[in-house]
Structure formats: C-alpha cells, structure tokens
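In: Got a sequence here, can you model it:
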Amino acid sequence: MNKKYLVLNDVEAYKLAFKLSNEVWEVVIRWDHFAKDTIGKQLVRAIDSISANIAEGFGRYYKKDKIKFYRYSRGSTYECLDWCEKAKIRSLLNQDQYELIHLQLKELPKLLNALIKYTNDKLEI
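Out: Here you go, the predicted structure:
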C-alpha cells in the first residue's frame, strides 16, 4: 500500500498566494518609479511573503513551527489588504485590478485558517 504525502503544490492557500503574487508583480512593474518605490515595493514584499511563509512552514518539522509560519502568512495577507486599499485610493490600481486582487486576498485567510486547523488536527508533534 502506497501512502500519499501532501506536497506543497497541493496546498490551496499556497497555490492561490503564489498565483496572486505573480499577478500583483505584473501590475506593479508597470507603475512609475515613485509609485513602485513607495507602495509598490511594500505591496510586492508583503504579497510575496504570503506564499514564502507557507512554503517555509510546510518545510518545518514540528507542528508549532508550521503553524507559526502559516500565521505569519495570514498577517501578511492583512498587510496586503491595507496596501491594496492605498493603491486604489491613490489611483494606482484600476477598479478591475483592485477587485481581482482584493477578492483573492479576502479568500486567503479562510484557506490559511483551514491549513492551520488541518495541521493542528493531523500532526502529532
């Protein structure tokens, strides 16, 4: 009997966060220098850290370590919501871009909470 192990690319939160980070990159890279240097860098760093922290947590051995990094991802998600609002108010994101990014950011905490619960329930150590 072969036991199936969970791989990072099976994790819905990771897949969404990774996809979203690349979508945001494609938007921000087109902004002027000032916008990229202020909001752009902050938004890209925060959005990249969501999937990066999920990946780091996934690679940790102990349940508490994993959950700690998944919680970091959740914090970065809320930081991104703030930067997204600022980018919209400052006319850096059009309505379609804002809605696409915002909708996915609002989905991430649910997926991360599910990942945290799964990790907490299924792992022994």
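
In: So which residue is smack in the middle of the protein?
Out: residue 50 (3.1 Å; Cα atoms, centre = their mean).

In: Assign that residue to helix, strand or coil.
Out: State at residue 50, reduced to three classes by DSSP: H, G, I helix; E, B strand; the rest coil: helix.

In: Nearest residue to it in space, ignoring adjacent ones along the chain?
Out: residue 17 (4.1 Å; Cβ to Cβ, 6 or more residues apart in numbering). From N, CA and C alone the C-beta is placed, and that goes for glycine too.

In: May I ask you to confirm that the one you found is in contact with residue 49?
Out: No - with contact defined as Cβ atoms under 8 Å, residue 17 does not count as touching residue 49 (9.2 Å).

In: so who does the residue nearest to the centre of the chain touch?
Out: 17, 20-21, 73, 76-77, 80, 108 (Cβ atoms under 8 Å, 6 or more residues apart in numbering).
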